[in-house]
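Asker: Prediction below, plus the sequence it came from.
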Amino acid sequence: MKAPYSLFLKGHAFPSSLFLSTNTKRTPNVKMHPIWYLCKAIQTNSYEISNGSYHPTVQHPTEKNTMERPSRKIESVGAFQKLPIVMPSIDIIGSALRKARRVSATKGIANIAKREKNKGAKQLDALMKEIAVPLRTYVENFPNKTYLHPYERSLIELTLGDGYYEMVLRKVDGLRKRVVSVGKEHASFCAKSSTKREAEERLSEGLKKIEEIFAQERKVVDDLLDIAKTLRAMPVINLETPTLCLVGAPNVGKSSLVHVLSTGKPEVCNYPFTTRGILMGHIIFNIQKFQVTDTPGLLRRHDGN
């Protein structure tokens, strides 16, 4: 049990982590009262009662207090370049159907009805897995926004909108769960068929149902594909390198200056608003490396914002 948060009178036994301070030399002419100090050990250690006294129990090295568990480390920048490659939804369903139809019955089954229902159940299970596994891979490998570096977290919110990133991932995971549920259900129905014709009907019905569910919600997969493309195109900034940002009115030569001075290759035209996003370049001056950003032109607003 845990030791209670109570004070022990002088002369009574108390844990070594609890001690009394009566030092009054540090602040002369000030009346000092005894100060009780309660160390962290007495709050976290476990104690046993023996003869009316508390005695610390021996803790094994593997036992750790949950309050002292280290929090998950925030990732450094560069998470967008590690995003998984998302297949278009039409490619996912097309590949899944082709692979499922190539699945054959288990060898050695002589009975026609049993062989047909075995093949049907295996094909439905294969179709379900060929769809669900990629979706699960996407959900697991797209980073949790909470643990991203604040810079990249801000990029997601400003580029995609607050909450859109998480919403799309939730919908993709929801689609995966529905495909798994329906696939298992119809595979079970097919496995319980009593005739070859019934097994074929169950197989056709199951394939159609899984295709319908995926077709209804396939847009979320393509939305995730667009998110991956957008985030991978974001500029990667070294937070340890000094950054120079060129800000000014449209068509005053910001992009031309970046093109001349740095490694950046922005689009340069003789009309305003050529630059539609933030472009990066690098410049070395007196051995010091700088990052140069070319930003879209700014206009004065009359509403005071």
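Answerer: Cool, got the structure.

Asker: so F290 sits in a helix?
Answerer: No - secondary structure of F290 (DSSP: H, G, I helix; E, B strand; the rest coil): strand, not part of a helix.

Asker: which stretches of the stretch 101-250 of the chain form strands?
Answerer: Remark: strands assigned in the stretch 101-250 of the chain by DSSP state E, counting those that start in this stretch are 243-246.

Asker: Could you list the low-pLDDT ranges of it?
Answerer: Nowhere does the stretch 101-250 of the chain drop to pLDDT under 70.

Asker: quick one, helices of it?
Answerer: For the stretch 101-250 of the chain, the helices defined by DSSP state H, counting those that start in this stretch cover 112-141, 150-160, 164-191, 196-217, 219-232.

Asker: Give me whichever of these is most buried.
Answerer: The highest mean neighbour count among the helices of the stretch 101-250 of the chain, using mean count of other CB atoms under 10 Å, belongs to helix 112-141: a mean of 20. All C-beta spots, glycine's among them, are computed from the backbone N, C-alpha and C.

Asker: Tabulate the helices of the stretch 101-250 of the chain (CSV), appending distance to V86.
Answerer: Below are these laid out as CSV (distance: least, CB to CB, whole Å):
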stretch, distance to V86
helix 112-141, 6
helix 150-160, 15
helix 164-191, 9
helix 196-217, 15
helix 219-232, 4
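
Asker: Quick one: closest of those to L239.
Answerer: Within the helices of the stretch 101-250 of the chain, the stretch nearest L239 is helix 150-160; the backing value is 6.9 Å (CB to CB).

Asker: hmm, back to that, let me know which of the helices of the stretch 101-250 of the chain is the nearest to P242.
Answerer: Per CB to CB, nearest to P242 of the helices of the stretch 101-250 of the chain: helix 150-160, 15.2 Å.

Asker: re the thing from before, of the helices of the stretch 101-250 of the chain, give the one that comes closest to S256.
Answerer: helix 150-160 (26.1 Å).
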